[in-house]
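Chemist: quick one: sequence and predicted model below, then my questions.
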Amino acid sequence: MKYLLGLVGIVVFGIIAVVLFGNAVDKTNDNAPQETTKSVKTTDYINDTSSVQYTKYGQIVSNQERKTMKITVSQKESVIEIFDGYQETVQERRTYANNYESYKNFMYALDKLGYTNKKETSVENPTGICPGGYTYFYKLNNSGGDLSNLWNSSCKLLGGDLGNNGSKIRSLFTKQIPEYNDIVKNVSFN
């Protein structure tokens, strides 16, 4: 009888320990860092109603000195726009013809670079987040609606909700504009 009560006590103690240990493990996982997730794939939107966009916002300076650049790529065209001021008055706009094969390769490259990989951030509104540097936005649009709209900045290498630092993505976008270096050589984003 003594051994039976001891055995029952050990079993009950074991069950309690497993329940408590299991809850402790679950609580630890709730506090674990969030991994990046890919909510949509650019390769699912290789069609004539989709586009991808990269926007570079300059430093927080006077309205007269503020510059913004947008590069939009679709199956039909690649467009670069340079804007003046916070109300984004078009200073320059150039359009280049594109085609399905070029767009397809571009979208596959963006997918491999993690263009839509999103990570958690505590920043709810990135406006003014990098006053002495640049803020970048990356959008995937289909039929007029944004499927993905991520951002990061030059102030903190991995800051923002884009799941990587974005430098390769930005470089890939600028390579879609044949005269990119000539267009931006006299544009100061500070």
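Modeler: Nice, thanks for sending it over.

Chemist: centre-most residue in this structure?
Modeler: Residue closest to the average C-alpha location in the chain (C-alpha atoms, centre = their mean): Leu162, at 2.8 Å.

Chemist: wait, that one touches Lys119, no?
Modeler: Yes - taking C-beta atoms under 8 Å as the definition, Leu162 is a contact partner of Lys119 at 7.5 Å. C-beta: built from backbone N, CA, C; applies to glycine.

Chemist: just the element for Met107, please.
Modeler: helix 100-112 (DSSP states H and E).

Chemist: helix or strand right after that helix?
Modeler: Of the helices and strands lying after helix 100-112 in sequence (DSSP H and E), the nearest is strand 117-118.

Chemist: helices and strands around that next one, which ones?
Modeler: strand 37-38 (3 or more C-beta pairs under 8 Å, 6 or more residues apart in numbering; DSSP states H and E).

Chemist: how about stretch 106-122, which residues are buried there?
Modeler: For stretch 106-122, burial by neighbour count (16 or more other C-beta atoms under 10 Å) applies to 106-107, 110-111, 113-119, 121.

Chemist: wait, which of these is closest to Asp182?
Modeler: Lowest distance from Asp182 to the buried residues of stretch 106-122 (C-beta to C-beta) belongs to Phe106, with 21.1 Å.

Chemist: excluding chain neighbours, what is closest to the closest one?
Modeler: Spatial nearest neighbour of Phe106, excluding adjacent residues (C-beta to C-beta, 6 or more residues apart in numbering): Val73 at 6.1 Å.

Chemist: quick one, what contacts that neighbour?
Modeler: Neighbouring residues of Val73 by C-beta atoms under 8 Å, 6 or more residues apart in numbering: 51-53, 79, 98, 103, 106, 173, 176.
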